[in-house]
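Asks: here are the coordinates; sequence isn't available:
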């Protein structure tokens, strides 16, 4: 779990501020498919979003602001037990029973000094790092409720990952769906549809 947090949550802010290159940007992605019985509405209090999560246990991970220790807790569909001191800088994750699919949302507070550059980076393409363990194979930029966002698709030797990031005022949301291919090297159409449904079900809500 700690490795997932380090890979998907905090570094996203730094990785997005890159050098502009030419690209055709797509906007207004298609609406998600109709919700099936395998999904449930997740809206953690005071975090400013709602999303469809698979019907599985949801874990909250984050640093305790008093002890600076990483804590993880199984939560309900509104994260009703989270103290106000833990708003922002939080990571939520749910996995399928065989752990081949994982779904996560990172909520990161953005320091005032980088908000402007991070917001601008949403409309610029990322460059694939040849030294990275994951290969960037697709990307697009769009807006959600007037806020800039970006979708990135990665492939590694063992997984297929789609990730969406949104900058909304002082927060950045990182929404990730990942399919681990250790048992099956090919991703099925059903898995791809589940990944897209999760990503596109993300909606902004009042904090």
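Replies: All right, it came through fine. From a predicted model like this one, the values you see are computed outputs, not experimental measurements.
Asks: could you check the longest helix belonging to the chain and say which residues are buried?
Replies: If each helix of the chain is counted by residues according to DSSP state H, the longest one is helix 189-200. Residues 191, 194-200 are the ones in helix 189-200 that count as buried (16 or more other CB atoms under 10 Å). No exception for glycine: its C-beta is placed from N, CA and C like everyone else's.
Asks: and the next helix or strand past the host helix or strand of residue 50?
Replies: For residue 50, the enclosing helix or strand under DSSP states H and E is strand 49-54. Going down the chain from strand 49-54, the next helix or strand is strand 58-63, by DSSP H and E.
Asks: give me the sheet partners of the one helix or strand residue 150 maps to and which way each runs.
Replies: Applying DSSP H and E as the criterion places residue 150 in strand 147-155. Using DSSP bridges, strand 147-155 pairs in its sheet with strand 135-144 (antiparallel), strand 159-168 (antiparallel).
Asks: residue 151 contacts residue 140, doesn't it?
Replies: Yes. Using CB atoms under 8 Å, residue 151 is in contact with residue 140, at 5.1 Å.
Asks: gap between stretch 59-68 and the chain center?
Replies: 18 Å (CA atoms, centre = their mean, to the nearest Å).
Asks: which other residues reach that stretch?
Replies: Residues from elsewhere that reach stretch 59-68 (CB atoms under 8 Å, 6 or more residues apart in numbering): 1, 5, 44, 69-75, 79, 82, 85-86, 89-94.
Asks: for residue 84, grab the count of nearby residues.
Replies: By other CB atoms under 10 Å, the residues close to residue 84 number 7.
Asks: got the contact list for it?
Replies: Residue 84 neighbours (CB under 8 Å, 6+ apart): residue 46.
Asks: any idea how far residue 90 is from it?
Replies: Counting by CB to CB, to the nearest Å, the gap from residue 84 to residue 90 is 12 Å.
Asks: between these two, which contacts overlap?
Replies: In contact with both residue 84 and residue 90: no residue, using CB under 8 Å, 6+ apart.
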